[in-house]
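Engineer: sequence first, predicted model second:
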Amino acid sequence: MRRSLILPYFKISVPSRFMPENKKQYSPKPGLHPRNKHKERYDFELLAESCPELKTFVQANAYGNESIDFFNPQAVKMLNKALLSHFYGISSWDIPEGYLCPPIPGRADYIHHIAELISGRTGDSTNIRCLDIGIGANCVYPIIGVSEYGWSFVGSDIDPVSIRSAQQIVDANDGLKGKVELRLQVNPASIFQGIIREGERFDLTICNPPFHASQAEAQAGTVRKLKNLKQQKAVKTVLNFGGQHNELWTAGGEEQFVRNMIAESKQFAHSCRWFSTLISKESNLRGVYKSLEKAGAKTVKTIPMEQGNKTSRIVAWSYFSL
């Protein structure tokens, strides 16, 4: 069995079968992925040409540079709309009020890193079929994957509103038609069951799991973030990137969700070449690795990612020796 775990940052004990044969070759580059189109500062003048509605929210920041108020949900939404239009050719994009409006650079990083995993350093890939677990109302992962690599996607979600919103985005953009299929997960306790059909094959699954274990925990985390960023007491919880309960929290939090995903993935071991998920919290890795060992994963890789001051990672596993 090939041992191929990437662990440049993690100071935790993991099973030896997951340790890399040569750690030095996995030195990560700082910051966003080299192919990420969002490495440079935003050119708000240029972005406003793609999305005129953005102009209303552009203002000079404390340093005299053009920016937006990133604590204003509407400003963040217009920025996302402009980015998707300018960089990915999306002419029509919208999400229902209160739904997750994810940071585009981070979503792009996941796609670029996982493309490199399945296709080597160049990321070149053709005829890749990807399952997006929890596509959300925004449809962002398929938008980037289709635009950057020409992949096709199946997107699942437990929320009918999210499925309808994502379908509207697909229907409104010719580049997505025939490339993205939406499926409603009718059993919230299941992840792959009811979505992966008999005899169906995928090259890859991706997932951005709910992070928090409860609504109270999610609100407390947001208050801490706002307090740290604004350096003042945050008295009101405002989710600048939005998010419904199924997008932000789940029983047991991120670790339990991923462990459930791993256990269920074993039933579909031959239906997919690579399973993958984001892991935001480093302390969750120990339990995730134990679940992977118990499930009998033959190949496991951990890919570190950096976005400003935020560090996260992708954990990918396969039941094949790759």
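Structural biologist: Arrived safely, thanks for sending.
Engineer: so who does residue 33 touch?
Structural biologist: Residue 33 makes contact with 108-109, 112-113, 116, 305, according to CB atoms under 8 Å, 6 or more residues apart in numbering. (Glycine included, C-beta is placed from N, CA and C.)
Engineer: do that again at 7 Å, thanks
Structural biologist: 109, 112-113 (CB atoms under 7 Å, 6 or more residues apart in numbering).
Engineer: which residues in the stretch 51-200 of the chain form strands?
Structural biologist: 59-60, 66-67, 129-133, 152-157, 180-184 (DSSP state E, counting those that start in this stretch).
Engineer: of the contacts of residue 33, closest to residue 153?
Structural biologist: Closest to residue 153 out of these is residue 112 (15.7 Å), distances taken as CB to CB.
Engineer: any idea how far residue 295 is from that closest one?
Structural biologist: Distance check for residue 112 against residue 295: by CB to CB, to the nearest Å, it reads 27 Å.
Engineer: tell me which of those two has more neighbours.
Structural biologist: residue 112 (22 against 18; other CB atoms under 10 Å).
Engineer: how about the nearest residue to the more buried one once chain neighbours are set aside, secondary structure?
Structural biologist: In this structure, residue 112 finds its nearest non-sequential neighbour in residue 33, 4.0 Å apart by CB to CB, 6 or more residues apart in numbering. Secondary structure state of residue 33, per DSSP: H, G, I helix; E, B strand; the rest coil, is coil.
Engineer: what does the model give residue 33 for pLDDT?
Structural biologist: For residue 33, the model assigns a pLDDT of 94.
Engineer: could you check how far it is from residue 114?
Structural biologist: Distance, residue 33 to residue 114, using CB to CB: 10 Å.
Engineer: re earlier: can you put the contacts of residue 33 in a markdown table and add pLDDT?
Structural biologist: Listed next are the contacts of residue 33 as a markdown table, based on pLDDT from 0 to 100:
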| residue | pLDDT |
| --- | --- |
| 109 | 96 |
| 112 | 96 |
| 113 | 96 |
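Engineer: in this structure residue 151 contacts residue 128, no?
Structural biologist: Yes - using CB atoms under 7 Å, residue 151 is in contact with residue 128, at 4.4 Å.
Engineer: the two: which is more packed in?
Structural biologist: Shown here are residue 151 and residue 128; by other CB under 10 Å, residue 151 has more neighbours (24 against 19).
Engineer: which residues does residue 66 contact?
Structural biologist: Each residue near residue 66 by CB under 7 Å, 6+ apart is listed here: 44, 58, 60.
Engineer: which strand residues bridge it?
Structural biologist: With DSSP bridges as the criterion, residue 66 is bridged to residue 60.
Engineer: for the residue most central in space within the chain, give me its contacts.
Structural biologist: Note on the chain: the residue nearest the mean C-alpha position is residue 208, at 4.3 Å, using CA atoms, centre = their mean. With contact taken as CB under 7 Å, 6+ apart, residue 208 is in contact with 134, 278.
Engineer: run the last query once more with 10 Å
Structural biologist: 100, 102, 106-107, 110, 132-136, 140-141, 247, 254, 277-278, 280, 312 (CB atoms under 10 Å, 6 or more residues apart in numbering).
Engineer: now the buried members of the residues you listed.
Structural biologist: Buried members of the contacts of residue 208, scored by 16 or more other CB atoms under 10 Å, are 100, 102, 106-107, 110, 132-136, 140-141, 247, 254, 277-278, 312.
Engineer: among those, name the ones in helices.
Structural biologist: Secondary structure from DSSP state H places 106-107, 110, 140-141, 247, 254 of those in helices.
Engineer: I'd like the contacts of residue 33 as CSV, with distance to residue 83 appended.
Structural biologist: Shown next, in CSV, are those (distance: CB to CB, whole Å):
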residue, distance to residue 83
109, 14
112, 15
113, 19
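Engineer: closest to residue 53 among those residues?
Structural biologist: Nearest to residue 53 among those is residue 109, at 26.0 Å by CB to CB.
Engineer: same list (the strands of the stretch 51-200 of the chain) but as a markdown table, adding distance to residue 195 and mean pLDDT.
Structural biologist: Converted to a markdown table, the strands of the stretch 51-200 of the chain look like this (distance: least, CB to CB, whole Å; pLDDT from 0 to 100):
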| stretch | distance to residue 195 | mean pLDDT |
| --- | --- | --- |
| strand 59-60 | 43 | 92 |
| strand 66-67 | 40 | 94 |
| strand 129-133 | 7 | 98 |
| strand 152-157 | 5 | 98 |
| strand 180-184 | 6 | 98 |
